[in-house]
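> Give the three-dimensional model of this entry:
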Amino acid sequence: MICALLAIPSNSFAGDKVDFTGEWVLNESKSDLGEGRAFAAFKIAVKQEGNTITIERTRTGRDGEERTNSETLTLDGKENINEGERGSSTSVLTWSEDGNSLTIKSKREFNRQGETFEMNSTQVWTLAEDGKVLKIQSDISSSRGERSASLVYDKK
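Residues are numbered from 1 along each chain as shown. Below you'll find the predicted structure:
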């Protein structure tokens, strides 16, 4: 009986959740970017403390310049509102029952040339290979259609 309990991973007990903290670099060869290359950050920095997670994403803009955006969100299932340079986003984060994956559902409104656009996204984050790999399944829908990507990031 004791041996069986010791064989259960520690994050199986209530309250324990995986920690995504770290610097992550996109592994394009292991990722399926679909048609959404512009949406995939090539670098993600994550700091997870207590009930909050700060995610800093760095992408290459259409002009070839690096663009970094940062958001701090709560991990308690409540709405988080973040204002950006082109609009706002509302996100809700929920843990899987076993604490091994985190789902981020977001609704973003963008203002471009006097028009407002809406984009809905769902990202499911999981860790693999003893925490050395971050996998993000990303599904996006907007007036331009739907896109999916399976992103793989290596820990720096």
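> Can you get me a residue count around the closest residue to Thr21 other than its chain neighbours?
Ranked by Cβ to Cβ, 6 or more residues apart in numbering and with sequence neighbours excluded, the top spatial neighbour of Thr21 is Gln48, at 4.7 Å. Every C-beta, even on glycine, is put in place using the N, C-alpha and C of the backbone. Neighbour count of Gln48, defined by other Cβ atoms under 10 Å: 17.
> ok, Gln48 to Lys105 distance?
18 Å (Cβ to Cβ, to the nearest Å).
> got it, and Phe20?
Taken as Cβ to Cβ, the span from Phe20 to Lys105 is 17 Å.
> Adjacent strands (with direction) for the longest strand along the chain?
Selection of the longest strand in the chain by residue count, based on DSSP state E, yields strand 115-128. Paired strands of strand 115-128, with direction, are strand 101-112 (antiparallel), strand 133-142 (antiparallel) (DSSP bridges).
> Could you tell me how far that strand lies from the centre of the chain?
Put simply, strand 115-128 sits 8 Å off its chain's centre (Cα atoms, centre = their mean, to the nearest Å).
> Now do that strand: everything it contacts.
Here strand 115-128 makes contact (Cβ atoms under 8 Å, 6 or more residues apart in numbering) with 18, 20, 87, 100-111, 133-143.
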